[in-house]
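A.B. asks: Just to be clear, the model below is a prediction. Sequence and coordinates:
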Amino acid sequence: MSTRDFTANVISASKVVPDGNFKDSKASGIWDINEALDLIKGGNWPNAANLSPDTFVDGLFQCHLYEGNGGTQTITNNINLSGKGGLVWIKNRDAADAHNLVDTVRGATKVSPITPALGEVTDDDNVTGFTTTGFTIGDDVKVNTNNESYASWTFRKQAKFFDIVQYSGNGSPRTIAHNLGSVPGMIIVIRTDDADDAYVYHRGMHSSAPEEYYIKLSTDGARADSSSYWNDTAPTSSVFSVGNANGVNNASGEYIAYLFAHNNDDGGFGEPGNQDIIKCGSYSGGGNYFADEQDIGFEPQWLLIKTTTGTKNWVMFDNMRGLSADGSNDSWIYVNTTAADNSNGSLIELKPTGFKPNGSSFTGRTGKEFIYVAIRRGGMQTPTAASDVFAVTTRSSSDGEGKYTSGFPVDFSLANNYDASGNTFAGTRLTNAHLQTNDDVVEGSSATDYEWDHNDGVSIGASGAFFGGSTNNINYMWKRARGYFDVVAYTGTGSARTVAHNLGVVPEMMWIKNRDAAENWPVYHKGLDGGTNPETHYIRLNQNNAEADSADWWNDTAPTSSVFTVGTQGQVNTNNQKYIAYLFATAAGVSKLGSYTGNGSSQNIDCGFSGGTGARFVLIKNVDATGSWVIFDTTRGLVAGNDNYLRLDVTNAQGGGYDFIDPLESGFTINQTGGVVLNESGETYIFYAIA
């Protein structure tokens with residue numbers, strides 16, 4: 001038997017075999033010698049905990065938001081700065097304070113403000129130290145004013161992503177060695193011993209000779225042509241060149257350089273080991289300030305953009321402060337000024353494979369050229385613990401507007417006032433908007449109702465339409481992750497088409513909603529049509545109808561690991577109308593999608609869960625007959641006795657009084673009882689369970 005046949009404890013979506021020695025294999029794990037022997041002897045794949053953080057963007061870059069306390073703080077963003085090195089970039093979102101850049105090469109307390117250009121400042125109360133999981137800060141007002149909000153962006157040193165080089169000037173053209181391991185896409189050079197601007201090289205500065213130009217990070221000016229900055233010499237994978245300008249190579253000057261990679265289908269990151277995580281590119285502005293969509297192969301979480309042929313500010317975006325699929329309610333910061341955060345603008349539209357500049361002179365000015373740096377959204381690895389990507393939290397209405405804590409940034413929220421009649425709200429970070437699962441209503445703005453800018457949860461208003469008068473509220477929260485859950489926004493065409501996604505595996509359930517019109521929620525599930533040809537059938541999330549057969553919804557085409565197909569039905573594909581799609585998959589030990597046939601008694605549903613009490617969230621729907629979408633969870637009571645339940649398709653308060661479902665370590669046990677019937681003999685039920 002070959003190693004290719006071993007499937008025990010596989011941690012990837014498909015069977016893989018190490019393609020070299022175990023330690024350096026491009027397969028979905030890294031091995032020590034004992035694990036290698038274990039695989040050879042017993043077919044046991046190494047534990048998923050051995051996945052290297054160097055492989056994923058989550059371990060190399062983080063946007064971490066925090067509130068100042070006026071004292072000291074430890075910022076935990078899970079970036080190993082003390083062990084690997086990197087850069088911390090901090091900006092006060094509420095006040096006109098300078099951007100602060102601190103790196104591990106020069107050491108904590110050595111700060112380079114971008115604007116005004118002050119060289120290097122020693123500040124014992126700024127970033128005070130680096131840890132294996134982030135950094136520490138003191139009480140400097142620029143990083144920790146009490147009750148003011150801050151954004152931090154951390155870049156960890158890693159080949160083909162980011163590097164830092166410190167050097168002394170000599171006044172003559174020369175080369176500087178680096179360890180980026182690839183040709184830099186952008187270089188920022190800052191003089192640290194004297195006040196000067198921050199100078200930038202970017203591969204997109206000019207179509208044929210970018211090395212002949214420079215641009216300043218600390219001003220809004222256009223590019224300029226001069227050989228005294230990069231010596232008219234393009235960087236290589238081992239060196240970059242500087243001329244004799246004071247800003248990059250004064251004879252007595254001291255400098256720090258930040259090097260950003262450009263992956264061009266050669267990044268080598270991600271679970272398959274063949275993905276890019278950073279792009280440095282360029283584009284031209286378009287009519288009415290709308291530029292063409294930039295297909296970079298991934299959805300970005302961070303963008304830095306500047307026009308090179310005009311006088312406009314550098315603008316920085318990230319999906320933690322607000323970066324949407326519509327270009328509405330975007331938040332951005334000007335890098336070359338001290339201005340506070342800007343919000344509620346329409347500058348960028350996120351796409352599954354890139355971004356589209358959206359009607360702004362800062363990002364798409366007609367007749368101008370632009371450069372950008374884009375960093376891939378996180379969640380590149382399949383989760384191994386449900387608590388990393390799913391949470392259930394309750395909150396009393398007496399809490400007022402408050403945060404539901406999840407332990408991770410929330411991408412999707414289902415919230416309900418379970419003790420009173422009311423809507424179930426579906427809120428989404430990607431659109432900064434909300435819908436109702438029990439109704440066909442158009443999308444509502446979440447700008448004032450939801451606050452997504454938390455590292456560990458989401459805030460939802462508790463007045464008006466949102467849970468007013470309820471005793472208790474519950475929120476189910478999802479994080480996007482490969483092989484588990486994804487969210488896609490797209491615009492209809494009216495003709496059958498494919499839509500790209502980033503789930504990385506074949507979706508097993510999809511919810512779709514027209515955001516612009518009062519249309520139903522079509523649902524695809526792998527258990528439809530008895531699991532034979534599920535792409536020929538559909539059901540609706542906001543209704544209790546049985547499944548129906550029609551090619552108009554999915555065009556009778558099964559989804560793949562990279563796209564799903566929609567037909568001509570207006571509920572999934574009206575021309576020029578906007579849609580949101582939620583994609584779910586089975587992640588081993590974390591989530592399970594499946595179906596079962598009722599037996600009129602009791603039966604165990606094995607979801608492959610282990611090491612705990614089984615499923616803590618279960619969603620069930622009868623697809624052969626009329627039946628609601630029923631939710632059980634361990635927070636409200638999924639117990640060996642009477643259980644409380646909610647229904648996504650109605651406004652009713654929670655029901656109970658019957659023993660519908662019991663805990664089972666590997667999943668759940670379903671019973672036949674009164675109330676909602678979930679085990680009628682001979683009928684087919686689909687389910688979605690999370691451990």
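C.D. replies: Sure thing, it's come through. Worth saying up front: this structure is predicted, and the values here are computed from it rather than measured.
A.B. asks: domain assignment for this structure?
C.D. replies: Listed domain ranges for the chain are 3-51, 57-156, 162-261, 278-376, 386-478, 485-584, 591-690 (source: automatic domain parsing).
A.B. asks: Turn those domains into TSV, columns for mean neighbour count.
C.D. replies: For every residue, glycine as well, the C-beta is placed using N, CA and C. Below are the domains of the chain laid out as TSV (neighbours: other Cβ atoms under 10 Å):
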stretch	mean neighbour count
domain 3-51	15
domain 57-156	20
domain 162-261	19
domain 278-376	21
domain 386-478	20
domain 485-584	20
domain 591-690	19
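A.B. asks: Help me confirm that Lys91 comes into contact with Ser331.
C.D. replies: No: under the criterion of Cβ atoms under 8 Å, Lys91 makes no contact with Ser331, lying 11.6 Å away.
A.B. asks: can you list residues touching both of these two?
C.D. replies: Asp341 (Cβ atoms under 8 Å, 6 or more residues apart in numbering).
A.B. asks: that older thread, I'd like to know which of the domains of the chain lies nearest to Phe269.
C.D. replies: Nearest to Phe269, of all the domains of the chain, is domain 57-156, at 6.7 Å by Cβ to Cβ.
A.B. asks: centre of the chain versus the closest one, how much separation?
C.D. replies: Centre-to-centre, domain 57-156 and its host chain are 22 Å apart (Cα atoms, centre = their mean, to the nearest Å).
A.B. asks: taking the mean pLDDT, what do you get for that domain?
C.D. replies: What domain 57-156 shows for mean pLDDT is 96.
A.B. asks: Start and end of that domain, how far apart?
C.D. replies: Terminal residues of domain 57-156 are spaced 10 Å apart (Cα to Cα, to the nearest Å).
A.B. asks: can you check stretch 92-111 too?
C.D. replies: 15 Å.
A.B. asks: Least reliable of the domains of the chain by average pLDDT, please.
C.D. replies: Minimum mean pLDDT among the domains of the chain: domain 3-51, a mean of 42.
A.B. asks: so which of the domains of the chain comes closest to Glu271?
C.D. replies: domain 3-51 (5.6 Å).
A.B. asks: Now Asn313: which helix or strand?
C.D. replies: Here Asn313, judged by DSSP states H and E, is contained in no helix and no strand.
A.B. asks: Do I have it right that it meets Ser361?
C.D. replies: No: in this structure, Asn313 is not within contact of Ser361 by Cβ under 8 Å, at 9.9 Å.
A.B. asks: What segments of the stretch 51-200 of the chain are helices?
C.D. replies: All helices of the stretch 51-200 of the chain, identified by DSSP state H, counting those that start in this stretch, fall at 81-84, 141-144.
A.B. asks: and the residue nearest to Tyr476 when sequence neighbours are not counted, what does it touch?
C.D. replies: Leaving aside its sequence neighbours, Tyr476 sits nearest to Leu414 (Cβ to Cβ, 6 or more residues apart in numbering; 4.4 Å). Residues near Leu414 by Cβ under 8 Å, 6+ apart: 424-426, 437, 475-477, 648.
A.B. asks: Dump those to JSON lines, plus distance to Lys157 and secondary structure.
C.D. replies: Shown next, in JSON lines, are these (distance: Cβ to Cβ, whole Å; DSSP: H, G, I helix; E, B strand; the rest coil):
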{"residue": "Thr424", "distance to Lys157": "45", "secondary structure": "strand"}
{"residue": "Phe425", "distance to Lys157": "42", "secondary structure": "strand"}
{"residue": "Ala426", "distance to Lys157": "40", "secondary structure": "strand"}
{"residue": "Thr437", "distance to Lys157": "44", "secondary structure": "coil"}
{"residue": "Asn475", "distance to Lys157": "38", "secondary structure": "strand"}
{"residue": "Tyr476", "distance to Lys157": "38", "secondary structure": "strand"}
{"residue": "Met477", "distance to Lys157": "32", "secondary structure": "strand"}
{"residue": "Leu648", "distance to Lys157": "46", "secondary structure": "coil"}
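A.B. asks: any idea which of the residues you listed is closest to Arg497?
C.D. replies: Closest approach between those and Arg497, by Cβ to Cβ: Ala426, at 23.7 Å.
A.B. asks: State the phi and psi torsions of Thr307.
C.D. replies: phi -80, psi 130 (degrees, to the nearest 10).
A.B. asks: thought it was touching Lys368?
C.D. replies: Yes: using Cβ under 8 Å, Thr307 is in contact with Lys368, at 4.6 Å.
A.B. asks: Identify the contacts common to those two.
C.D. replies: Common contact partners of Thr307 and Lys368 (Cβ under 8 Å, 6+ apart): Gly285.
A.B. asks: Can you say which of the domains of the chain is nearest to Gly268?
C.D. replies: domain 3-51 (7.9 Å).
A.B. asks: now stretch 369-387, how far from the chain's geometric center?
C.D. replies: 5 Å.
A.B. asks: what's the span of it, first residue to last?
C.D. replies: With Cα to Cα as the measure, the first residue of stretch 369-387 is 44 Å from its last.
A.B. asks: now stretch 135-153
C.D. replies: End-to-end distance of stretch 135-153 (Cα to Cα): 11 Å.
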